[in-house]
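1. Below is the sequence, then the predicted model.
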Amino acid sequence: MAVTASRARPAADHFRLGLMLAIGSAVAFGSSGPFAKSLMTAGWSPTAAVVARLASGALVMAIFATVVRRGWVHEALRHPATVLAYGVVPIAGAQLFYYNAVAHLSVGVALLLEYTAPIIVVAWVWATTRRRPTTLTLAGVGLAIAGIMLVLDVFSGAHINLVGVGWGLAAALCAAGYFLMSANAGFTADDDGISPVTLAAAGLIVGSGAVTLLGLTGVMPLRFSAADTVVAGHTTSWVVPVVALGVVATAVAYTLGIMGIACLRPRFASLVGLSEVMFAVLAAWILLGESITPMQALGGAIVLAGLALARAGDRSEAVAEATWPDGPPEESKAGDLLAPRARGM
């Protein structure tokens, strides 16, 4: 009994750390909408806003990685497939597919399709581990998705066509890839792993390059503007939202997200990621003055209830088995996320 309690305490601490990191990431990601909207209102194309966000975020992460993890470039070069896949799929791919979905659908429907990613993650883990999620977990997923539908107000003026649905589901696949690919960062038993800091820095460089290439080749419109922007009711230079997008909504968001997902199981982390929508609504209220309706508030409460159910399902499964096939080993330490590998550093 004492041994079980001593093992449960570090696991609980590990979960709390991962939850705080994942929520911090969701808050940071949620701030991107208002800042990007201020740029687009000032004349920037969506692709230009994405390029500015990813490029500035890549610069910040490259500097940060150089300071805290010397040798990160060599580490990234040892994992070219991982870095390329991460930069192209969850970073560049999600942006490309989502904006194409918005071109054919109402914004709420496009976001709802992208945020079906937790369903994909649950299905993938179920298929690869051959372990059926508990009824509580499945109920939590369904409840959280229902809450997101209310937060996004998808039933008000919704516009749907099959092409847009295809783009939206492609964005969902990329978002699912973000959670599944981030899960293994920093938690390997040998020297062949890649740290969250390296994955974020190198992935953003690849992602920004990919989106820039799409803009330069005319696949997506690329239009910048030096006009002033309006943020939180104040007129300011375009530099302010670009820096905010790069530092907060990109560098901080991806780093905290990768670290949080590595501490949590991918399917629960993907559900926590749904809170990004709620934080985006709050950010729009604070920075853009967009009101929050009672229905959106109710949706947020339903999302939280869904997360609680999913967590209860996770805990009931944890009683049945000592370790999870889709989670990090219990002995992994949070400090390993920044510590350099012994070989090649």
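-> It's in.
2. S291 is in contact with V281, correct?
-> No. Counting by Cβ atoms under 8 Å, S291 is not a contact partner of V281; they are 9.8 Å apart. Where you see a C-beta, it was placed from the backbone N, CA and C, and this is true even at glycine.
3. Please name the spatially closest residue to V27 (chain neighbours excluded).
-> Sequence neighbours aside, F279 is the residue nearest to V27 in space, at 4.9 Å (criterion: Cβ to Cβ, 6 or more residues apart in numbering).
4. give me the element the closest residue to A62 other than its chain neighbours is part of.
-> Beyond its immediate neighbours in the sequence, the residue positioned closest to A62 (Cβ to Cβ, 6+ apart) is A201, lying 5.3 Å away. Under the criterion of DSSP states H and E, A201 resides in helix 196-216.
5. re earlier: identify the residues contacting the residue nearest to V27.
-> Contacts for F279 (Cβ atoms under 8 Å, 6 or more residues apart in numbering) come out as 26-27, 29-31.
6. ok, it to V163 distance?
-> As for F279, its distance to V163 is 30 Å (criterion: Cβ to Cβ, to the nearest Å).
7. in the stretch 51-200 of the chain, which spans are helices?
-> 72-77, 80-86, 94-104, 107-114, 117-129, 135-152, 162-182, 196-216 (DSSP state H, counting those that start in this stretch).
8. Residues contacting the very next helix or strand once past the helix holding A201, please?
-> Per DSSP H and E, the first helix or strand lying C-terminal to helix 196-216 is strand 229-231. With contact meaning Cβ under 8 Å, 6+ apart, strand 229-231 is reached by 34-35, 38-39, 41-42, 235-238, 240-241, 244, 287.
9. Redo those as TSV? Include pLDDT.
-> TSV is the format used below for those (pLDDT from 0 to 100):
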residue	pLDDT
P34	83
F35	87
S38	88
L39	91
T41	87
A42	92
T235	92
T236	93
S237	95
W238	95
V240	94
P241	93
A244	94
L287	76
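10. Show me those residues that map onto strands.
-> 235-236 (DSSP state E).
11. Show me how to select, in PyMOL, the buried members of the contacts of strand 229-231.
-> To isolate the buried members of the contacts of strand 229-231 in PyMOL, using 16 or more other Cβ atoms under 10 Å:
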select buried, resi 34+35+38+39+42+238+241+244+287
